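1. predicted coordinates and the sequence they were generated for:
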Amino acid sequence: MSDTVWSYRDTTWSQDKDLVGYDVEATDGSIGKIDEASTEATGQWLVVDTGFWIFGKKRLIPAGAVSGVDHDGKTVIVNLSKDEIKSAPDYDKDDWGDDSRSRHTDYYTPYSSH
């Protein structure tokens, strides 16, 4: 499993900060708000409530896809387009296991290089 997918490029982005409620900006516009944020040592990720534009689906975005955080503006910037996020594997909290994590790792690895 690629560590870069599941860790922030800058550890200060999430250190002592709760990102829940922050807006998320893709390369081509807003995609929603952070509903959950993990700070686990073995895997950091965000669950984004995309609202109406993906029919109310939530998307899990590994921390490695985050390219910046503006704490003053309460915004997280990801290096993904809306279409790339829309095409990502579905996130189901009840089915978050090794298989689901592997699908997310495979999908997001190209977007998480440091």
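-> That came in fine, so what should we check first?
2. when you work out contacts or count neighbours from here on, use the C-alpha atoms and nothing else.
-> Fine.
3. in the top helix by length along the chain, what counts as buried?
-> As assigned by DSSP state H, the longest helix anywhere in the chain is helix 98-108. Under the neighbour-count criterion of 16 or more other CA atoms under 10 Å, helix 98-108 has 101, 104-105, 108 buried.
4. A strand includes residue 44, no?
-> Yes. Residue 44: assigned to a strand according to DSSP: H, G, I helix; E, B strand; the rest coil.
5. begin at 824 from here
-> Shifting the count to begin at 824 puts that one at residue 867.
6. just to revisit the earlier point, so which elements touch the longest helix of the chain?
-> strand 881-885 (3 or more CA pairs under 8 Å, 6 or more residues apart in numbering; DSSP states H and E).
7. now do the strand it packs on, average pLDDT.
-> On average, the pLDDT along strand 881-885 is 93.
8. out of the buried residues of helix 921-931, which comes closest to residue 894?
-> Set against residue 894, the nearest of these by CA to CA is residue 931 (24.0 Å).
9. let me see the contact set for that closest one.
-> 828, 884-885, 888 (CA atoms under 8 Å, 6 or more residues apart in numbering).
10. at 7 Å instead, please
-> Neighbour list for residue 931: residue 828 [criterion: CA atoms under 7 Å, 6 or more residues apart in numbering].
11. pick out the lowest-pLDDT one from the buried residues of helix 921-931.
-> On pLDDT alone, residue 924 ranks lowest of these, at 84.
12. the strands in this structure, which residues?
-> Counting by DSSP state E, the chain has strands at residues 846-849, 852-863, 866-872, 881-885, 889-893, 898-901.
13. which other helices and strands contact the first one?
-> Right, strand 846-849. strand 852-863, strand 898-901 (3 or more CA pairs under 7 Å, 6 or more residues apart in numbering; DSSP states H and E).
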